[in-house]
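In: I would like to see how this sequence folds:
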Amino acid sequence: MFSIPGKQAVSISSAAAVQIRKLMERDGSEGLRIGVKKGGCAGMEYTMEYVDAVDPNDEVVEQDGARVMIAPMAQMFLFGTQIDYETSLLESGFKFKNPNVVDACGCGESIKFKDLDELKAEQGN
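Out: Residues are numbered from 1 along each chain as shown. As a prediction, this is how the structure comes out:
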């Protein structure tokens, strides 16, 4: 696991906590699992899914009644990320403010992370 004692893997803004809580109540789920997968023009994409049970390997972040689980393979890539929820005239959605991203595609749907060795060195692993 890639974590620093006493520090959560991700933070959740107040707006994101409200939206996650609404989704949990509507779906009857235990929370949302956040992950990453290969894809998109920059190489990686974020994933979000409802979960009915917490996996013992997940990093669990709770705030104001909202619960987010970080998939084990994504923990290193998401460490230090703030999850926000933004609403504009044209769109509403979750935004990831991730210090580990070095590039993103023009549409904002995919990202490229720092080199794996660089991430490990920064996190002290």
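
In: and the gap between Met44 and Asn100?
Out: When distance is defined by Cβ to Cβ, to the nearest Å, Met44 is 10 Å away from Asn100. C-beta coordinates here come from the backbone N, C-alpha and C atoms, glycine included.

In: shared neighbours of the two, anything?
Out: Between them, Met44 and Asn100 have Phe77, Phe113 as joint contacts when contacts are counted by Cβ atoms under 8 Å, 6 or more residues apart in numbering.

In: What sits closest to Ala53 if chain neighbours are left out?
Out: Once its chain neighbours are removed from consideration, Ala53 has its nearest residue in Glu30; the separation is 6.2 Å (Cβ to Cβ, 6 or more residues apart in numbering).

In: and the one you found, how many neighbours?
Out: Applying the criterion other Cβ atoms under 10 Å, we find 15 residues in the vicinity of Glu30.

In: Just to check, it is in contact with Asp55?
Out: No. Checked against Cβ atoms under 8 Å, the pair Glu30 and Asp55 is beyond contact range at 10.4 Å.

In: I'd like the average pLDDT over stretch 67-78.
Out: Averaged over stretch 67-78, pLDDT sits at 91.

In: Do me a favour and get the end-to-end distance for that stretch?
Out: Across its full length, stretch 67-78 reaches 16 Å between end residues, using Cα to Cα, to the nearest Å.

In: Next: stretch 75-90.
Out: The first and final residues of stretch 75-90 sit 31 Å from each other (Cα to Cα).

In: Go through that stretch and flag the buried ones.
Out: Judged by neighbour count using 16 or more other Cβ atoms under 10 Å, the buried positions of stretch 75-90 are Gln75, Met76, Phe77, Leu78, Phe79, Gly80, Thr81, Ile83, Asp84, Tyr85.

In: which two of the residues you listed lie the greatest distance from each other?
Out: Using Cβ to Cβ, the buried residues of stretch 75-90 reach their maximum pairwise distance at Met76 and Tyr85, which is 23.9 Å.

In: so what does the one helix or strand Glu86 maps to touch, helix or strand wise?
Out: Using DSSP states H and E, Glu86 sits in strand 81-87. Other elements packing on strand 81-87 under the criterion 3 or more Cβ pairs under 8 Å, 6 or more residues apart in numbering; DSSP states H and E are strand 10-12, helix 14-27, strand 92-97.
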